[in-house]
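Chemist: With the input below, show me the fold.
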Amino acid sequence: MIKTSTVNIRCSACGTKNRIPSDKSGVTARCGKCSALLDINDLFGKRPLVVTDNNFSEKVLKSPIPVLLDCWAPWCGPCRMVGPVMDEIAEEYSGRVRICKLNVDENPLTSAKYSIASIPTMLIFDRAELKDTLVGALPKQQIINKISGFLL
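Modeler: Take a look at the predicted model:
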């Protein structure tokens, strides 16, 4: 018998944790408690999700799992060093943490709202709240240590 791994996601309507088999990506899922539809699209991606001013609320604030948002710019050397680390974390933590990237030059509204003054800056969101801020090109293990406290 093949054992399928599962991920826990939080229902945005009632807050209940629901286990979703990782092989169900792209399938419609409902909360076991309140029967609300669960947004499981983009949760099992192995690459960071590009976030803009237009989709920030949907992809970050309404995320059923914690979010690590990498605020970066293409001209920033340290940002380019953090990029591959974000790729690795996205692959390793697929379905447990949503890894997102926000280009601060192209998305000034979100950058201003969260007072992004230096880059790279990584913001950790959980349940639509900013929980922690990491500034600078940090080592992968330090980033993982910060996000591990928010895993479901």
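Chemist: helix, strand or coil for S111?
Modeler: Using DSSP: H, G, I helix; E, B strand; the rest coil, the secondary structure recorded for S111 is helix.
Chemist: Burial check on it, number of neighbours?
Modeler: For S111, the count of nearby residues is 20 (other Cβ atoms under 10 Å). (Glycine included, C-beta is placed from N, CA and C.)
Chemist: and it, what does it touch?
Modeler: Contacts of S111 were listed using Cβ atoms under 8 Å, 6 or more residues apart in numbering, and they are C71, L102, V104.
Chemist: and it, what pLDDT?
Modeler: Confidence at S111, expressed as pLDDT, is 96.
Chemist: G45 now?
Modeler: Per-residue confidence for G45 comes out at a pLDDT of 76.
Chemist: Quickly find the element holding it.
Modeler: For G45, there is no host helix or strand (DSSP states H and E).
Chemist: give me every residue that touches the closest residue in space to it that isn't next to it in sequence.
Modeler: Closest residue in space to G45, ignoring its immediate chain neighbours: S94 at 6.6 Å, by Cβ to Cβ, 6 or more residues apart in numbering. The contact partners of S94, by Cβ under 8 Å, 6+ apart, come to S22, L43, F44, G45, K46.
Chemist: and these as TSV, adding neighbour count and distance to A13?
Modeler: Shown next, in TSV, are the contacts of S94 (neighbours: other Cβ atoms under 10 Å; distance: Cβ to Cβ, whole Å):
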residue	neighbour count	distance to A13
S22	14	22
L43	23	17
F44	15	21
G45	15	23
K46	11	28
